[in-house]
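> I would like to see how this sequence folds:
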Amino acid sequence: MNPLTRGATFFARTGLLLAAAGAAAAQTMPPRLEAGLPGPSLANATNWWGTDVSAAPVDGGSDAFIAYINNGSPRPLHPDFGGTLPDGVSIYGFPYAVVDGGQPKKTVQFAQPDESDGVDHSTQTSYPFYPIPDAAITQPHWIEGGDPGSIDDTGTEDRHLLIVDRDNRHLYELYNVWWDGSQWTAYSGAFWDLKTDDRRPDGWTSADAAGLDILPGLVRYDEVYGRDEIRHAFRFTVRHTNGYRYPASHLAGPQVSGAPPMGMRMRLKASKDISGFDPAIQKIFRAMKRYGLIVADNGTDMYVSGTWDDRWDNDVLNPAFAALTASDFEVVQLGWQPPLAAALAVDRRAGGSSNENGILEPGETAVVEPSWENPPSGSAALAGAASAFGGPSGAAYTIADGTAAYGAPPFGAPASCFDATGDCDALGLSNPSPRPALHWDAVFTETVNGTAAKTWTLHVGGSFADVPASDSFYAKVETLFHNGITAGCSGSNYCPADSVTRAQMAVFLLKGKLGFVYGPPAGSGTRFLDVPTGSFALDWIEDLADSGITAGCDASLYCPDAAVTRAQMAVFLLKAKHGSAYAPPPAAGVFADVPVDSNFAPWIEELAAEGITAGCGGGNYCPDAPNTRAQMAAFIDATFGLSLYGP
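Just a heads-up that it's a prediction; the model follows:
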């Protein structure tokens, strides 16, 4: 019998948990405490937290602001974060919760409803909006300070509650939160769509005094000890403030003449030698040089905010931070908004030794084509200068043409140098043997109009011996590799024709959705009988099940070594993308080999409707064919919008 014609029993055993054709209802991922943030960063490069200020002008009042903070003697930095205190409840730093898109929404009553989200502002009536885990009522550590929500210490603690919906990349933040026995209350609350750079309305607060979001500006353990650089500024406090400037939207507390405004940004001076610090500390300080610190609240001078995490070692953090003082910083021009780096294309144009395949390769000199736009208030002609082109040792890096011109693109209408003027950068690589790194990335810095700096990353192709540039899946595989979803199958091979097993699929899906920095919680080894402790991808498999994307292949089994069919992959992809509660629209009959009454048909047709697949050719989808590793690269790239270059 064709599997597509089988009944609900077969479909349920695929482990897809569908609320259709008699299958079980969808599962919501249990809320998690500090695990499973969507990656690679919570701050876009065009967001205020992600803005590179390393070349920004210094404010004329910089010395006066630094003197105010020093208050008569050099004021040292302090890490305002750490682990759990000896009482087992109190914590140091901000905790955060991670939920999926199916987490039930709760109503919160606000002391300041007119500047809060989740409120009908025509009546100032709250409605269900915040996906607060029920565990936060009775369990410690979900809320800043450590006490559970049912304990009212709102008069002595800030009590922030930070929640990320990882399916939709939505951030919910509450200030001074408390469960009063029948409902949630808070002073204020704010919603942030992490896919946009939207600010609060001018004059509005958020869950933070400056009207900014909190979580994207925290020092996080996973970033500090991860493989990538930290790509955002950090939140910090000063004792008093005076007004507010972009990116802040709100003032708070006594307005003290000479004090910094909310939103003021300081950066660690480029000349400050940080080479003697612990490597992890150096990474934090490099981010301070490139992205800086942003004043977000009134508090203790030079206290830098971070997440609560018991892995922090304050015996390392505290003396390292204290070795820097406010005098090691300078104030960036108040309200500075630079031109915005929007996108990057590489090797799409004739020139040099380009093969115009969209990927920079060893031995090639190619046109490099950034796109920029003016800030909201800007209308200047934009000109870029390339510098500091380099990468792993063993190769030669050449700037053949280091200038680019963009015309005067308005905000919201970015222009590439090629489309605007035809004047673009050209960069070249040698072709060393052996390759200096399997995952070979080069970088160069582009400075626009002398003040806006962007460090672009250029992936170098030719990574796998068995996926040459002539392969139809070449770009897809290179993109998957560059995004850290896979390192190949062995040595310098990718094994593109091999079938994807269900164990491998768990890793592909979760890394594709949440980024290469993501690491799943430790598995128990008891969820599935055929995935005991020590099994390949144990943590990923149990995480996939906890996320409601699969229930296994049969009662208590996962079938980790079984190949995933193209039909099954349609469901796995869409549930991973949209969340465990997602159900597609009814099928209409798109593919000749997928009957409209098939349980898989709605999922396959929705996959096509979202542009993730066009089928296997000839009007067919080939639903029963095993999904290959090459096809998986194409599926993952398209489902999660992975890119090879920029921004």
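> all helices for this protein, in order.
For the chain, the helices defined by DSSP state H cover 8-13, 62-70, 135-138, 221-224, 279-290, 314-322, 417-420, 474-482, 502-514, 538-546, 566-578, 601-609, 629-640.
> Minimum distance to Asn357: which of these has it?
Nearest of the helices of the chain to Asn357, taken as C-beta to C-beta: helix 474-482 at 7.4 Å. The C-beta positions use only the backbone N, C-alpha and C, and glycine is treated the same way.
> Worst mean pLDDT among the helices of the chain?
Here the lowest mean pLDDT among the helices of the chain goes to helix 8-13, at a mean of 44.
> Can I get the helices of the chain in JSON lines including distance to Asp158?
Formatted as JSON lines, those follow (distance: least, C-beta to C-beta, whole Å):
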{"stretch": "helix 8-13", "distance to Asp158": "47"}
{"stretch": "helix 62-70", "distance to Asp158": "21"}
{"stretch": "helix 135-138", "distance to Asp158": "15"}
{"stretch": "helix 221-224", "distance to Asp158": "21"}
{"stretch": "helix 279-290", "distance to Asp158": "23"}
{"stretch": "helix 314-322", "distance to Asp158": "20"}
{"stretch": "helix 417-420", "distance to Asp158": "46"}
{"stretch": "helix 474-482", "distance to Asp158": "40"}
{"stretch": "helix 502-514", "distance to Asp158": "28"}
{"stretch": "helix 538-546", "distance to Asp158": "31"}
{"stretch": "helix 566-578", "distance to Asp158": "34"}
{"stretch": "helix 601-609", "distance to Asp158": "43"}
{"stretch": "helix 629-640", "distance to Asp158": "35"}
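> do you know which of the ones you listed lies nearest Phe191?
The minimum distance between Phe191 and these falls on helix 135-138, with 17.5 Å, by C-beta to C-beta.
> Can you list the buried residues in the closest one?
For helix 135-138, burial by neighbour count (16 or more other C-beta atoms under 10 Å) applies to Ala135, Ala136, Ile137.
> now stretch 221-236
For stretch 221-236, a neighbour-count test (16+ other C-beta under 10 Å) marks Tyr221, Asp222, Glu223, Val224, Gly226, Ile230, Arg231, His232, Ala233, Phe234, Arg235, Phe236 as buried.
> The last one and Arg311: what is the separation?
The reference is to Phe236. Distance of Phe236 to Arg311, computed by C-beta to C-beta, to the nearest Å: 22 Å.
> Pro247 contacts Gly50, doesn't it?
No - contact criterion C-beta atoms under 8 Å: Pro247 and Gly50 do not qualify, at 11.1 Å.
> picking up where we left off before, would you convert the buried residues of stretch 221-236 into TSV that also reports distance to Pro414?
As requested, the buried residues of stretch 221-236 are exported to TSV (distance: C-beta to C-beta, whole Å):
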residue	distance to Pro414
Tyr221	34
Asp222	31
Glu223	27
Val224	32
Gly226	29
Ile230	25
Arg231	19
His232	21
Ala233	22
Phe234	27
Arg235	28
Phe236	31
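> Between these, which sits nearest Trp179?
Nearest to Trp179, judged by C-beta to C-beta, of the buried residues of stretch 221-236 is Arg235 at 25.9 Å.
> From Val219, how far off is Ala233?
In terms of C-beta to C-beta, Ala233 sits 10 Å off from Val219.
> Could you pull up the residues touching Leu171?
Neighbouring residues of Leu171 by C-beta atoms under 8 Å, 6 or more residues apart in numbering: Leu42, Leu162, Ile163, Val164, Asp165, Phe191, Trp192, Asp193, Leu194, Asp213, Leu215, Pro216.
> if we go to 10 Å?
Going by C-beta atoms under 10 Å, 6 or more residues apart in numbering, Leu171 touches 42, 96, 162-165, 190-194, 207, 213-216.
> Likewise for Gly88?
Neighbouring residues of Gly88 by C-beta under 10 Å, 6+ apart: Pro140, His141, Gly146.
> if you set the cut-off to 8 Å instead, what comes out?
Pro140.
> State the distance from it to Ala296.
From Gly88 to Ala296 the distance is 29 Å (C-beta to C-beta).
> Kindly report the same for Cys424.
Distance, Cys424 to Ala296, using C-beta to C-beta: 38 Å.
> CA atoms only for stretch 208-217, dumped as PDB, please.
Below are the C-alpha coordinates for stretch 208-217, written out as PDB (Å, rounded to 0.1, in the frame of the first residue of the first chain):
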ATOM      1  CA  ASP A 208      13.300  49.700  31.400                       C
ATOM      2  CA  ALA A 209      13.500  53.300  32.400                       C
ATOM      3  CA  ALA A 210      15.000  54.500  29.100                       C
ATOM      4  CA  GLY A 211      12.300  52.800  27.000                       C
ATOM      5  CA  LEU A 212      14.700  50.200  25.600                       C
ATOM      6  CA  ASP A 213      14.500  46.500  25.500                       C
ATOM      7  CA  ILE A 214      16.600  44.700  28.100                       C
ATOM      8  CA  LEU A 215      17.600  41.200  27.000                       C
ATOM      9  CA  PRO A 216      19.400  42.100  23.700                       C
ATOM     10  CA  GLY A 217      21.700  44.300  25.700                       C
END
